[in-house]
Each structure stands twice: as structure tokens, then as C-alpha cells.
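S.K.: The sequence and its predicted three-dimensional model are supplied below.
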Amino acid sequence: MTTLATEPALLTLTDVSKHFSIPSPRALRPTERKVLRAVDGVSLSIAPGETFALVGESGSGKSTLGRIAVRLSEPTSGTVTFSGQDVTHYSGRQLRRLRPRMQVIFQDPLGALNPRMTAGKIVAEPLQAIGGLRGSALDDRVDELFRAVGLDPAQRLARPRTLSGGQRQRVGIARAIALNPDLILADEAVSALDVSVQAQIANLLDELRENLGIGYLFIAHGLPIVRQLAQRIGVMYLGRLVECGPADEVLRNPRHPYTRALIGASPVARRRARRERVVLAGDPPNPLSPPSGCRFRTRCPQAMDLCASQPPPTVEITPGYTAECHLLQ
């Protein structure tokens, strides 16, 4: 499925797949294996300074796709293009040169920070190792970064365990923006925080995007934060990008039954809209044995015979807005 930004792209994924070979649990021979198609033929692009949100249930492939996007993982097939350069097979020195421009904010701020280092040293580390800063220039830059993420520079001496969850995530954000990256993968970056703190961190990320021109690939389960942040939304289900388009349009008038189900399950949606709620049947299928035809058909209340025999087409609803569903033909 192809969905491209309307502006010149910062990041482009073209027909990207990631497959894992898994030993069959009932194999009579140890060489018998199955293929897990974690990501299967996904194409998308992100413009400079844009927040592109990927949403979907656990196991949808969104985190795997995010790791491929920032080259923490290499795709099985497809291409990753960053600022016009094919970086799909970068390794070693090439990746090290690319790293300052691609950064990550992790879900667990405590696990992502070295407990033996102070917050100041954590933020200073990339500035020393890659930026080459020393002395007062380093101190001034660390103070500037602390203020940029809403921390008091006096907290430089604190260790991660003495900080709150929100403060730890702010330290992680300061480290991520230290080298002025073009793209940040925010993988469930607010999901481990209290709801009130989630909103604060989301506001901070959006402020940094506007001030620094950072593009985000924002991965999330919940839609309320996505509503607040994203310019475009991609919805993943069992490795496929089933709907993708401008955030306002996707949230206001979703075309895919799975997207409608996600939005209907959102507390914000239930308060604000009287849209008929789509109730999903059962749990997602085993990704090692996905359904034939449309992968969503076993849970879709509108499934037809056609859905079992043929994969759904990619339908362009408006320029830059696509969905995969037989009902849209």
C-alpha cells in the first residue's frame, strides 16, 4: 500500500517487508520453520517537520516498521530512502554518520537511561562523542537543552531513579534532540506515563517540532494523543497499512472498518460523536497463519465472500488518502 506525503519527503519507505523465520512449535524436524510477516509490503513517506502517527493493536507491526524507518533494523525487502539517499543497506561507518540525523525516544524512560549516570551526563554524552563539545560550550549546550524540554538545569546532577516518569522522559527527549536530528522515532513515548503527563509531553513534542522542524514517526496505541499531535495517520493491522491519510479526515470519516473500530473504542470518540460503533469479534488472528484474502475479514462485521478469496485493493479516496477494503470499490 502506497501513501506519500504531498511535500518533498524526508523519509520514504517503499514496499517494505520484514519477515522472521520462526521454528514451528509442532515441528517433527528442527529444520521445519514458519514465516512471520511482521511487516508486509508497506509504503509511506514523511515530510520534513511532519508528525506521522502509526496506530494499531499489539502485533500489528508498527514498532517493527518504526525500527526499519530509523535503520535499527534492516528490511527483508523494499527500500528506505532518507533525504533522497537509499539507506536500506547502510552498515558500520555509514550508519554511524546517519545516526545524528535519526534519533529515538523510547517507551520506558527509566530503562532507556543509564542509572549510573547523572541526567546531565546522559544529555552530554552524544554532544561529546559525536558533536565534539567540551568545557563551557558543552555545559552551556546541556543547560540550553534542559530548558528546551522544561527541566531546571540544576537537575543535571540528578540520577534517573530520583526523577519522576515525566522528568525522565524529558531527559530522554533532550538527549534525542541534542544533535539537531531531522527525524525522531517516538515509539510509545508517552504510553507509560500518567494521562496528565502524557498531555504535557505531547505538547512538548509538538512545540519542538514547530521550533526545530523535526519530523516524527509517532507510534501509539491510543488515539487521544494522536489527535493532539499528528498531521497524518497510518493504521496497521497484521503487517499491512490498511488506511492512511490526513489526520483530520481519517479521524472524522474513517473508511476502513478496523479504523472505525479503533475510533469507536476511544473515550474521546464516544463523548464527541454518535457514530455507530464497530465491535470487533475476537482477538487478532495468529500472525503465523493470517487469514486468506483480507486479513481483517475474520473480525469484520461487514465481511463478504469476496473478502476470503481476494486481498483487498488499495483505493485512493482523495489524493494522499488511501484505504484497503473491498467495500470501497
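M.R.: Received the coordinates, thanks.

S.K.: Can you tell me the closest non-neighbouring residue to residue 175?
M.R.: What sits nearest to residue 175 in space, not counting adjacent residues and going by Cβ to Cβ, 6 or more residues apart in numbering, is residue 123, at 5.1 Å. No exception for glycine: its C-beta is placed from N, CA and C like everyone else's.

S.K.: did I read that right, that neighbour in a helix?
M.R.: Yes. Assessed with DSSP: H, G, I helix; E, B strand; the rest coil, residue 123 lies in a helix.

S.K.: dump the residue contacts of it.
M.R.: 142, 145-146, 156, 171, 174-175, 178 (Cβ atoms under 8 Å, 6 or more residues apart in numbering).

S.K.: if I pick residue 302, what's in contact with it?
M.R.: Neighbouring residues of residue 302 by Cβ under 8 Å, 6+ apart: 257, 327.

S.K.: Assumed it was part of a strand.
M.R.: No. Going by three-state DSSP, the assignment for residue 302 is coil, not a strand.

S.K.: host element of the nearest residue to residue 87 once chain neighbours are set aside?
M.R.: Closest residue to residue 87 apart from its sequence neighbours, by Cβ to Cβ, 6+ apart: residue 80 at 5.4 Å. Taking DSSP states H and E as the definition, one finds residue 80 inside strand 77-82.

S.K.: Remind me what that strand packs against, helices and strands.
M.R.: Contact analysis of strand 77-82 by 3 or more Cβ pairs under 8 Å, 6 or more residues apart in numbering; DSSP states H and E lists strand 11-23, strand 33-46 as its packing neighbours.

S.K.: end to end, how far does stretch 68-87 reach?
M.R.: Distance between the boundary residues of stretch 68-87 (Cα to Cα, to the nearest Å) amounts to 10 Å.

S.K.: Equivalent analysis for stretch 281-290, please.
M.R.: 15 Å.

S.K.: Residue 318: what's it in contact with?
M.R.: 245, 249 are the contacts of residue 318 under Cβ under 8 Å, 6+ apart.

S.K.: roughly how far apart are it and residue 71?
M.R.: According to Cβ to Cβ, to the nearest Å, residue 318 and residue 71 sit 31 Å apart.

S.K.: close enough to count as contact, residue 282 and residue 299?
M.R.: Yes. The criterion here is Cβ atoms under 8 Å, and residue 282 meets it with residue 299 at 6.0 Å.

S.K.: Which one's more surrounded, those two?
M.R.: Higher neighbour count among residue 282 and residue 299: residue 299, with 20 against 7, using other Cβ atoms under 10 Å.

S.K.: ok, back up a step: can you put the helices and strands packed on strand 77-82 in JSON lines and add mean neighbour count and mean pLDDT?
M.R.: Formatted as JSON lines, those follow (neighbours: other Cβ atoms under 10 Å; pLDDT from 0 to 100):
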{"stretch": "strand 11-23", "mean neighbour count": "18", "mean pLDDT": "95"}
{"stretch": "strand 33-46", "mean neighbour count": "21", "mean pLDDT": "94"}
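
S.K.: how about the ones you listed in TSV, adding distance to residue 223?
M.R.: Putting the helices and strands packed on strand 77-82 into TSV (distance: least, Cβ to Cβ, whole Å) gives the following:
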stretch	distance to residue 223
strand 11-23	22
strand 33-46	19
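
S.K.: can you pull out the helices in the chain?
M.R.: 62-69, 93-98, 109-112, 119-129, 135-148, 165-177, 195-212, 223-229, 247-252, 257-264, 267-272, 305-309 (DSSP state H).

S.K.: Which one of these lies nearest to residue 322?
M.R.: Checking the helices of the chain against residue 322 by Cβ to Cβ gives helix 247-252 as the closest, at 10.6 Å.

S.K.: Give the buried residues for the closest one.
M.R.: Within helix 247-252, the residues that count as buried by 16 or more other Cβ atoms under 10 Å are 247, 249-251.

S.K.: now stretch 162-172
M.R.: For stretch 162-172, burial by neighbour count (16+ other Cβ under 10 Å) applies to 163, 165-172.

S.K.: what does stretch 139-153 give?
M.R.: Within stretch 139-153, judged by 16+ other Cβ under 10 Å, the buried ones are 141-143, 145-146, 148-151, 153.

S.K.: just stretch 73-87 next, same as before
M.R.: Residues 73, 75-76, 78, 80-82, 87 are the ones in stretch 73-87 that count as buried (16+ other Cβ under 10 Å).

S.K.: Over to stretch 218-226?
M.R.: Judged by neighbour count using 16+ other Cβ under 10 Å, the buried positions of stretch 218-226 are 218-220, 222-226.

S.K.: That one: end-to-end distance?
M.R.: Termini of stretch 218-226 sit 8 Å apart (Cα to Cα).
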